[in-house]
Each structure stands twice: as structure tokens, then as C-alpha cells.
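Asks: Got a sequence here, can you model it:
(one chain, ligands or ions: 1)
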Amino acid sequence: MTDSTTDYAQWIGRQETTDDDLALAPALAAAATFDDTLTRFEKGSALPPLWHWFYFLPRAPQALLDVDGHPQRGGFMPPIPYPRRMFAGARMRFHRPLVIGQPARREATIRDIRQKSGRSGSLAFVSVVHNFYQDGLLCIEEEQDIVYREPGPAVACPRAIDWKPVPAGAWSRIVTPDPRLLFRFSALTFNAHRIHYDRPYATGEEGYPGLVVHGPLTAVLLMELARKHVARPVREFSFRGLAALFDLAPFRLVCTVDDGQLSLEAQAPDGALAMSASAELAAA
Ligand SMILES: C/C(=C\C(=O)SCCNC(=O)CCNC(=O)[C@H](O)C(C)(C)COP(=O)(O)OP(=O)(O)OC[C@H]1O[C@@H](n2cnc3c(N)ncnc32)[C@H](O)[C@@H]1OP(=O)(O)O)C(=O)O
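Replies: So this is what the prediction gives:
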């Protein structure tokens with residue numbers, strides 16, 4: 001990292017605890033966003049996998065937001081000097097579902113900070129562990145990879161091609177990531193990161209060709225595709241974002257199932273693998 005005066009190691013182990021009542025309203029807003037008109041959500045319902053992201057929202061005062069819209073670094077997150085933050089991936093294990101309408105707690109810990117050299121330039125990865133509890137019981141363990149990227153050349157706009165046919169038996173969906181969907185997801189997660197809604201900032205300051213699709217949004221859409229077809233609970237889920245998706249063209253989700261294992265991917269308009277994910281289902 002270019003700031004040689006800061007000892008980032010002192011951030012490892014830093015913790016933050018957030019309590020939330022798991023109100024019904026965010027689940028209803030999420031159901032609307034993901035066109036789930038069939039599930040009846042009420043107090044006492046289990047939250048679908050990944051919907052915990054719509055709770056435990058950031059609480060930084062407006063005055064403490066950075067220029068990119070995230071809470072200023074140097075508090076819980078280390079003061080990495082690279083300007084472009086991205087959600088790179090996550091791994092999680094679901095022990096029991098969180099239940100709507102009952103208090104819950106999230107304990108976040110900085111696990112690791114690593115400098116890497118990528119094809120796109122210097123990268124600093126911060127891995128953050130989130131443990132979620134309800135009634136004193138561990139419900140979800142999650143480890144997120146947040147990456148900070150040094151300034152670099154503008155990212156090219158992907159050229160749309162015809163996708164390859166979907167494998168036999170796979171489930172698929174074409175998603176049109178328009179600003180209404182991105183706005184609703186930013187609102188659900190109270191995420192003020194400007195790359196998702198402020199086009200002049202996303203293109204002019206961070207060098208993207210359009211608004212950037214949230215990595216967690218793509219992950220939720222993949223999980224929702226699976227949830228539509230599979231009744232068995234998900235035990236484990238992991239994903240890695242490999243190329244950014246933009247609001248400029250539709251992308252495709254594909255899910256195949258093999259003996260309790262789901263393989264999922266989001267394919268960019270140019271056919272590139274934008275997100276790779278896998279899930280393990282609970283025993284039948
Ligand atoms: C919410 C939110 C923000 C967002 O949602 S941003 C939008 C969602 N995220 C993305 O679109 C990220 C898509 N991924 C990328 O653009 C690239 O993968 C990335 C992160 C820029 C890295 O690309 P590079 O080509 O520079 O990297 P390399 O493939 O050369 O790999 C270099 C080393 O880094 C490791 N690595 C690469 N990608 C990931 C990843 N996604 N997760 C973890 N690690 C990754 C790779 O393994 C190499 O490691 P070595 O140990 O082998 O050197 C919000 O801000 O809240």
C-alpha cells in the first residue's frame with residue numbers, strides 16, 4: 001500500500017457490534033425488489049438466505065461519509081489509500097435462519113489485510129468476518145472480501161455478444177440491471193456508494209463505463225434463482241466477483257444442480273464470467 005506510515009496490522013482484530021430488531025418492513029421491501037409475490041412474510045418467518053444484508057445497516061452520520069459515499073476509512077475499516085472500493089466476494093455458512101421480528105446481533109471483526117498485485121494494478125484486500133446471533137445462538141457465519149484498487153485507466157464498456165446456450169437442465173435468467181433496480185438495492189442496504197447511482201461520479205471519478213451493479217445484488221439474484229427452484233435449505237454459499245457488471249446491458253444468471261451442490265454464475269454481456277458462486281444444500 002502506498003501509505004508506508006500507517007501500520008495496518010493494528011486494524012486486524014478490530015470489532016464492531018450491531019444490534020437490529022429484524023423488522024418486517026425490510027423483508028417486504030426486498031420481496032418487492034425481487035418480484036417475490038408468492039412468499040408470505042410476517043413476524044416469525046425465516047429470512048431467506050442472504051437477506052440478512054438488508055439489516056444491520058451502516059449508521060455513520062452523513063458528516064462522516066467519504067467522497068465515495070462509504071463511511072470514512074480509519075474507523076472500523078483501515079485507512080487504505082486506494083480510492084476504488086469493490087465488494088470482491090464472500091463465503092458463508094448458514095446454521096439456522098434468522099427470524100423476522102426478533103432481536104439479533106451482528107459481530108464484525110477485521111480478519112486480514114493483504115496487499116496483492118493484479119492484472120488491473122495494486123489491490124488491497126480486507127477480509128471482514130460477520131457472525132450473526134439470535135437468542136444467543138450462532139445463525140450465520142460470513143467472511144467478506146472487500147478490495148480497494150489504486151487509480152487506473154478507464155474500464156472499457158463490454159461488447160455484447162450472443163451467449164452460449166444454457167446447459168440442459170440448468171436454470172437461467174436474463175437480468176436487466178436498470179437504475180431503478182440498483183437504486184432499490186442501494187436503499188435496501190443503505191449503501192451510499194456513488195458508483196451505483198451517480199453516473200458522473202462512476203464514470204468520471206472511478207473510470208467505469210456506467211453504473212456498477214452491486215456484487216451483493218448479483219449474489220442475491222443468483223440465490224433467488226436457486227430459491228425459486230429448490231426447497232432444501234442452503235447450508236453454505238460462496239461467491240467471487242471476477243468482472244464488474246454495469247447498467248448498460250443485460251447479464252445472464254445460470255444455475256446447475258448436481259447432488260445437493262449448486263454451481264452458479266453471472267455472465268457479462270460479452271460472455272465473460274462476472275461472478276462465480278457455489279452453494280451446498282442441506283441433506284434431503
Ligand atoms: C457493495 C460494494 C461494492 C460493489 O458491489 S462493487 C461491484 C461488485 N464487485 C465487482 O464487480 C468486482 C469484480 N472483480 C473485479 O473487478 C476483479 O476481480 C478485481 C477485484 C478488480 C481484481 O482483478 P485483477 O485482474 O486485478 O486481479 P487478478 O485476477 O490478477 O488477481 C490478483 C490477485 O487477487 C485475487 N483476487 C482477484 N479477484 C478476487 C476476488 N474477487 N476475491 C478475492 N480475491 C481475488 C486473485 O486470486 C489474485 O491473488 P493471488 O494470491 O493469486 O495473487 C461496496 O463497496 O460495499
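
Asks: What parts of the stretch 51-200 of the chain come near the ligand?
Replies: 85-89, 116, 118-120, 123, 145, 147, 149, 191, 193 (C-beta under 6 Å from any ligand atom). Backbone N, C-alpha and C define where each C-beta goes, glycine included.

Asks: now, the most widely separated pair of these?
Replies: Greatest spacing in these, by C-beta to C-beta: R119 and N191 (26.7 Å).

Asks: neighbour-wise, which of those two wins?
Replies: Counted by other C-beta atoms under 10 Å, R119 and N191 do not tie: N191 has more neighbours, with 20 against 5.

Asks: how about that one, secondary structure?
Replies: Classification of N191 using DSSP: H, G, I helix; E, B strand; the rest coil returns coil.

Asks: repeat for the one 10 residues further on
Replies: Per three-state DSSP, the secondary structure class of Y201 is helix.

Asks: who are the neighbours in contact with it?
Replies: 68, 194-195 (C-beta atoms under 8 Å, 6 or more residues apart in numbering).

Asks: what does the model give it for pLDDT?
Replies: Looking at Y201, its pLDDT is 98.

Asks: for A284, same thing?
Replies: At A284, pLDDT is 76.

Asks: Was I right to think it contacts P233?
Replies: No. Assessed by C-beta atoms under 8 Å, A284 is found out of contact with P233, at 10.5 Å.

Asks: where does the protein dip in pLDDT?
Replies: Residue ranges of the chain with pLDDT under 70: 1-5.

Asks: Quick check, central residue of it?
Replies: Nearest to the geometric centre of the chain sits P216, at 2.0 Å (C-alpha atoms, centre = their mean).

Asks: which residues of the stretch 101-250 of the chain fall in strands?
Replies: 104-118, 121-134, 137-149, 171-175, 234-241 (DSSP state E, counting those that start in this stretch).

Asks: ok, G169 - how many residues close by?
Replies: So G169, with other C-beta under 10 Å, has 8 neighbours.

Asks: ok, it to L253 distance?
Replies: Going from G169 to L253 by C-beta to C-beta, to the nearest Å gives 15 Å.

Asks: ok, now A9?
Replies: The gap separating A9 from L253 is 39 Å, by C-beta to C-beta.

Asks: Over to V99?
Replies: From V99 to L253 the distance is 28 Å (C-beta to C-beta).

Asks: and these two? which has more neighbours close in?
Replies: Between V99 and L253, L253 has the larger neighbour count (other C-beta under 10 Å), namely 25 against 16.

Asks: Now do the same for that one: helix, strand or coil?
Replies: Assignment for L253 (three-state DSSP): strand.

Asks: ok, now which ones touch the closest residue to P151 other than its chain neighbours?
Replies: Of all residues not flanking P151 in the chain, P83 sits nearest, at 6.0 Å (C-beta to C-beta, 6 or more residues apart in numbering). Contacts for P83 (C-beta under 8 Å, 6+ apart) come out as 68, 148-151, 205-206.

Asks: From the chain's centroid, how far away is stretch 262-271?
Replies: 16 Å (C-alpha atoms, centre = their mean, to the nearest Å).

Asks: End to end on it, go ahead and measure it.
Replies: One end of stretch 262-271 sits 20 Å from the other (C-alpha to C-alpha, to the nearest Å).

Asks: what ranges do the helices span in this structure?
Replies: 24-33, 179-189, 199-200, 215-229 (DSSP state H).

Asks: Pick out the residue in the stretch 51-200 of the chain sitting closest to the ligand.
Replies: Per C-beta to the nearest ligand atom, G118 is where the stretch 51-200 of the chain lies closest to the ligand, at 2.3 Å.

Asks: how deep is that residue tucked in, by neighbour count?
Replies: G118 sits with 11 neighbouring residues when counted by other C-beta under 10 Å.

Asks: ditto for S117
Replies: Number of residues near S117 (other C-beta under 10 Å) recorded here: 8.

Asks: With adjacent residues omitted, what lies nearest to it?
Replies: Per C-beta to C-beta, 6+ apart, closest to S117 is L123, 7.2 Å.
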